[in-house]
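Engineer: Sequence first, predicted coordinates after that:
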Amino acid sequence: MNLRFLCSGILLAGLVACGGGSDGPAVVSGINVSSGNNQSAAAGAKPADPIILTLVDAGGAPVGNASATAAVASGGGSLATTAYTSDSAGKITINSWTLGTTPGDQTLTVSSANAKATVNAKATAGAPAKITALADNVTSGNIGSVLVAPGVTVTDANNNPVANTPVTFSVLANNGVLAGTTATTNAAGVARVPGWTLGPIVGTQKLTAKAGASASVEISVTATLAAGCVKQPVAIGVPVAGAWTADDCTDSTLARQYDEYTLKLDAPTSFRAKVTAANGRQLRIFTAGGRVVGEMPSDAFAPAALSPLELQYTLPAGDFLVRVYTPTPAAAGNYTLSLTADFSNAISDAATCRPIIFATYGSIVTQTLKKGNCSFMGDNEDRLVLLMKTGDKVSISLATTAFSPYLILRDDRTPTSPAVASARRTSPGTAELTYTATFDGFHEIIVTSNTFVEEGTYTVTITQP
């Protein structure tokens, strides 16, 4: 019999298939992962791309309208949908797999009939969400001391450490100086600033660390004054409640003990200084090289009984040392040192021109000459005090467009000492003088007008040729 024609007839009649056909639905024999395998995503998040699988029969042909089941095999994630039906192309799409909250390899299995496939993904730490101070951070130290490597841990929303994340560190004014302002987290999510030199504030000082868009934390330290002969920072606007003790620094020449502070000025600065304590205490300010800028009490213009001891300084940018001396040898007791920005050339005591204004080489002073400031030579004058040593040279200029300037440099060892140099103009402009010191001691710069009554703004510049 011709089977070819017989089969053709049977097919036309809608009977069973021939040539390897079947009398039932195709059976799923395999599952192919078409796309979406081996993705990486943040722990606790969904992979970015959908996972597409194809159900096939023994011959590799797609099987449509077949059931499949998905399940989380490892990693602790979840599926919003676990049951699927293949489309006409044999495909199913999974887009509801949420990875577990722990970083690492995670798997999903998909089953249909006797076939099974595994889908892999890698969970990584998420974006920085939290930042916490390290438990080993130092919590106290002396002002001016260096705290080594304070740090933080950066974690994601699931408390997983976040590596390779930049952390920015900062401090407020007078809360010290950082050895570095940025650091990158290591594999444990830890970032440390190399060092934190505490500022002049006694009490709480704070360091702020930030990671990502909003995660930040403050690291607090209790700062204290150090005991003994130790240099400590002081700043304008930060009062110091200090105390003299038996182990303080000692000045053998003056036979006095003292506490010493470092003052850093980033720009030319004018300020007022006050020391409150028993009569006889002294305040001295030095340049970083050891040259005295000013000292009180010194003479009749600054008697030891003056309380509080009050001075004004107008200094260039630079580093300075501030020493607060005991009233008597080996004295102990408390004192207050206060440097404030309320500098003024207004004289509170015209008879002595107090508060006295100390200047030094590099000082540039702009202020206003007005009636009532001082009254030794006329109705109005300003005075600056410059401490010089024998052989020191100085150039001083007085520039103004408001009045005819008269500039005088005098020997300030006694109230009646004579002028040692002067420059005088009969019209506005710049008066200049140069001088070489013939003695060690205070020299007084007097700023007035040619007529002793004119007023206006001026600038004095003091340089060392």
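Structural biologist: Structure received.
Engineer: Relative to residue 205, how far out is the spatially most central residue of the chain?
Structural biologist: With distances taken as Cα atoms, centre = their mean, residue 170 lies nearest the centre of the chain, 2.4 Å away. According to Cβ to Cβ, to the nearest Å, residue 170 stands 12 Å off from residue 205. In this view, the C-beta of every residue, glycine as well, is placed from N, C-alpha and C.
Engineer: Strands of the stretch 351-465 of the chain, residue ranges please.
Structural biologist: 357-359, 364-369, 382-388, 393-400, 405-411, 419-424, 429-436, 441-449, 456-463 (DSSP state E, counting those that start in this stretch).
Engineer: Can you tell me how far the closest residue to residue 165 other than its chain neighbours is from residue 443?
Structural biologist: Once flanking residues are discounted, residue 165 sits nearest to residue 185: 4.6 Å by Cβ to Cβ, 6 or more residues apart in numbering. From residue 185 over to residue 443 the distance is 58 Å, taken as Cβ to Cβ.
Engineer: Look at the closest residue to residue 172 other than its chain neighbours and give its secondary structure.
Structural biologist: Excluding the flanking residues, the one nearest residue 172 by Cβ to Cβ, 6+ apart is residue 206, at 6.6 Å. For residue 206, the assignment made with DSSP: H, G, I helix; E, B strand; the rest coil gives strand.
Engineer: correct me, but residue 206 touches residue 219?
Structural biologist: Yes: at 6.8 Å, residue 206 counts as touching residue 219 under the criterion of Cβ atoms under 8 Å.
Engineer: re earlier: remind me which helix or strand the residue nearest to the centre of the chain belongs to.
Structural biologist: Assessed by DSSP states H and E, residue 170 sits inside strand 166-171.
Engineer: Packing partners of the helix or strand following that strand?
Structural biologist: Remark: after strand 166-171, the chain's next helix or strand is strand 177-178, criterion DSSP H and E. The contact analysis (3 or more Cβ pairs under 8 Å, 6 or more residues apart in numbering; DSSP states H and E) places strand 177-178 against strand 166-171, strand 195-197.
Engineer: Report how many residues lie close to the closest residue to residue 114 other than its chain neighbours.
Structural biologist: Distance criterion Cβ to Cβ, 6+ apart; nearest residue to residue 114, sequence neighbours excluded, is residue 29 at 7.4 Å. A total of 17 residues lie near residue 29 under the criterion other Cβ atoms under 10 Å.
Engineer: Quick check: residue 29 vs residue 115, distance?
Structural biologist: 6 Å.
Engineer: what do you get for residue 403?
Structural biologist: 102 Å.
Engineer: now residue 63
Structural biologist: Going from residue 63 to residue 115 by Cβ to Cβ gives 10 Å.
Engineer: Comparing the two, which residue is more hemmed in?
Structural biologist: residue 63 (23 against 19).
Engineer: residues touching that one, list them.
Structural biologist: Residue 63 makes contact with 26-28, 55-57, 86, 90 under the criterion Cβ atoms under 8 Å, 6 or more residues apart in numbering.
Engineer: hmm, who's touching stretch 279-291?
Structural biologist: 254, 256, 263, 273, 275, 292-297, 304-305, 307, 309, 311, 313, 315, 318-328, 335, 337, 358, 360, 387.
Engineer: Now restrict those to buried residues only.
Structural biologist: For these, a neighbour count by 16 or more other Cβ atoms under 10 Å gives the buried set as 256, 263, 273, 275, 292-297, 309, 311, 313, 315, 318, 320-327, 335, 337, 358, 360, 387.
Engineer: if we can go back for a sec, in JSON lines: the strands of the stretch 351-465 of the chain, plus distance to residue 267.
Structural biologist: Listed next are the strands of the stretch 351-465 of the chain as JSON lines, based on distance: least, Cβ to Cβ, whole Å:
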{"stretch": "strand 357-359", "distance to residue 267": "16"}
{"stretch": "strand 364-369", "distance to residue 267": "11"}
{"stretch": "strand 382-388", "distance to residue 267": "19"}
{"stretch": "strand 393-400", "distance to residue 267": "20"}
{"stretch": "strand 405-411", "distance to residue 267": "25"}
{"stretch": "strand 419-424", "distance to residue 267": "28"}
{"stretch": "strand 429-436", "distance to residue 267": "24"}
{"stretch": "strand 441-449", "distance to residue 267": "22"}
{"stretch": "strand 456-463", "distance to residue 267": "16"}
